[in-house]
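In: What follows is a predicted protein model with its sequence.
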Amino acid sequence: MNLYHNPRCQKSREVLHLLEEKGYKPELVLYMKEPLNPVELRQLLQKLNISARDLIRDKEKIWKEEFGDKELGDEELILSMIEYPQLMERPVLENGDKAVVGRPPERVLSIL
């Protein structure tokens, strides 16, 4: 079980706390320090069963400045999340062949 975690994000901390309360100890993936590679991100999107666009945090300043007015395909979106990991929605819990964005935090319970 992997938690794609940003310790500075309140929702990410809430998900970690919820999991720990339930007795789970997920492996923390600090993707802001070590961004995913394209293969890892594609695999995660497949487990989430969403498009790359659906994983983008479009309210981020960097998105608005660099990408907001552009039409980007999945590959370009994946590369943008690798270059700017803060664009990736968080937190994401991966458990086996399933994954879910933990917004609201209780959504992660659906794949335990």
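Out: Cool, the structure landed. Residues are numbered from 1 along each chain as shown.
In: tally of neighbours for E14?
Out: Neighbourhood size, E14 [other CB atoms under 10 Å]: 17. Backbone N, C-alpha and C define where each C-beta goes, glycine included.
In: and it, what element?
Out: Per DSSP states H and E: E14 is located in helix 10-21.
In: Show me where this structure has its helices.
Out: Ranges of helices in the chain, per DSSP state H, are 10-21, 38-48, 61-66, 74-83.
In: Out of the ones you listed, flag the one nearest M32.
Out: Across the helices of the chain, M32 has its closest neighbour in helix 10-21 (10.1 Å, CB to CB).
In: could I get that closest one in PDB with only the CA atoms?
Out: Extracted in PDB, the C-alpha atoms of helix 10-21 (Å, rounded to 0.1, in the frame of the first residue of the first chain):
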ATOM      1  CA  GLN A  10      -3.600  19.100   5.200                       C
ATOM      2  CA  LYS A  11      -5.700  16.500   3.300                       C
ATOM      3  CA  SER A  12      -2.600  14.300   2.800                       C
ATOM      4  CA  ARG A  13      -1.900  14.500   6.500                       C
ATOM      5  CA  GLU A  14      -5.600  13.700   7.300                       C
ATOM      6  CA  VAL A  15      -5.500  10.600   5.000                       C
ATOM      7  CA  LEU A  16      -2.300   9.400   6.700                       C
ATOM      8  CA  HIS A  17      -3.900   9.900  10.100                       C
ATOM      9  CA  LEU A  18      -7.100   8.100   9.100                       C
ATOM     10  CA  LEU A  19      -5.100   5.100   7.800                       C
ATOM     11  CA  GLU A  20      -3.000   4.900  10.900                       C
ATOM     12  CA  GLU A  21      -6.100   5.100  13.100                       C
END
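In: can you tell which of the helices of the chain is closest to R90?
Out: Once the helices of the chain are compared by CB to CB, helix 10-21 is nearest, at 5.2 Å.
In: Now find how far off-centre that closest one is within its chain.
Out: 14 Å (CA atoms, centre = their mean, to the nearest Å).
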